[in-house]
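>>> build me a model from this:
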Amino acid sequence: MFHWLEQRPFFFAVVLFLTISFAGIIEILPDFAKASQPTVGTKPYTTLELAGRQVYIKDSCNACHSQLIRPFKSETDRYGMYSLSGEYAYDRPFLWGSKRTGPDLQRVGNYRTTDWHENHMMDPESVVPGTVMPAYPHQFTNMADIATAYANANTQKAVFGVPYDQEGMPKLGSWEEAQAAALEEAKAVAADMKNQQVKDAVANGQVPEIVALIAYLNSLK
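Numbering: from 1, shown residues only. Here you go, the predicted structure:
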């Protein structure tokens, strides 16, 4: 049979195409089934957490930190439970990373506190002596883009079916409701911070980038 196909390039190409097509269909069909997309108890990001994720990407935190714990003892001993696919069900884009100048952050919310992140972003060496990480003081004065985060969440809900506004899931509601919810969440984060300028900004209805970023980092568990 193979010898016969080798002598007939056209039929060989047809058989090869059909074989590859069949394999491709088998590969992608499960992606269209809800049952193949476990969420492992995760919830979509809140509007404030999405705004913090935008800061995380904008300032290239993902260039030095991965968010993928591999199933090796050396990694689970250091970072905790290895990563499961369903944990990334609401990550767009995913931030797995392939390079670690700094540690993996997939479960950083389990072992770092709000005030630790505050000090780390303002003066990294004050909490990690010898670190090569730069300081990010602009995050304490720049305001987070809550409007874009809200639009992002609504897009994910409409296009990808992310279950916002369902029972037990984060609420989006109207833009005014989302603003109010983000500010309340920001106040809870700022209450654990020491920077008075940040506290005053939140008290006046603003959300500095550092507050949104910390909200996002605290959600990584």
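
>>> how far off centre is the lengthiest helix in the chain?
Of all segments of type helix in the chain, defined using DSSP state H, the longest is helix 9-28. Put simply, helix 9-28 sits 36 Å off its chain's centre (Cα atoms, centre = their mean, to the nearest Å).

>>> and the average pLDDT for it is what?
The predicted model assigns helix 9-28 a mean pLDDT of 85.

>>> what does that helix contact?
5-6 (Cβ atoms under 8 Å, 6 or more residues apart in numbering). Bear in mind the C-beta positions are built from the backbone N, C-alpha and C, glycine included.

>>> before we move on, what about stretch 148-163?
The contact list for stretch 148-163 (Cβ under 8 Å, 6+ apart) reads 44-45, 47-48, 50-51, 53-54, 90, 92, 164-165, 169, 172, 175, 178-179, 182, 212.

>>> out of these, which end up buried?
Among those, those classed as buried by 16 or more other Cβ atoms under 10 Å are 44-45, 47-48, 50-51, 53-54, 90, 164, 172, 178-179, 182, 212.

>>> just the C-alphas of the longest helix of the chain, formatted as CSV.
What follows is helix 9-28, C-alpha atoms only, in CSV (Å, rounded to 0.1, in the frame of the first residue of the first chain):
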residue,chain,number,x,y,z
PRO,A,9,2.2,11.8,-5.5
PHE,A,10,-1.4,13.1,-5.8
PHE,A,11,-3.0,10.3,-3.8
PHE,A,12,-0.1,10.4,-1.3
ALA,A,13,-0.9,14.1,-0.8
VAL,A,14,-4.6,13.4,-0.4
VAL,A,15,-4.0,10.7,2.2
LEU,A,16,-1.5,12.9,4.1
PHE,A,17,-4.0,15.8,4.1
LEU,A,18,-6.8,13.6,5.4
THR,A,19,-4.6,12.1,8.1
ILE,A,20,-3.4,15.5,9.4
SER,A,21,-6.9,16.9,9.2
PHE,A,22,-8.4,14.1,11.2
ALA,A,23,-5.7,14.5,13.8
GLY,A,24,-6.3,18.2,14.0
ILE,A,25,-10.0,17.8,14.4
ILE,A,26,-9.5,15.3,17.3
GLU,A,27,-7.1,17.8,18.9
ILE,A,28,-9.4,20.9,18.7
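
>>> after that helix, heading C-terminal, what element do we hit next?
helix 47-58 (DSSP states H and E).

>>> what's that following helix in contact with?
45, 62, 95, 139, 144-146, 148-150, 152-153, 170, 172, 178, 181-182, 185-186, 207, 209, 211-217, 219.

>>> for residue 208, what are its contacts?
Contacts of residue 208 by Cβ under 8 Å, 6+ apart are 139-144, 198, 201-202.

>>> among the residues you listed, name the ones in helices.
Reading helices off the contacts of residue 208 with DSSP H, I get 198, 201-202.
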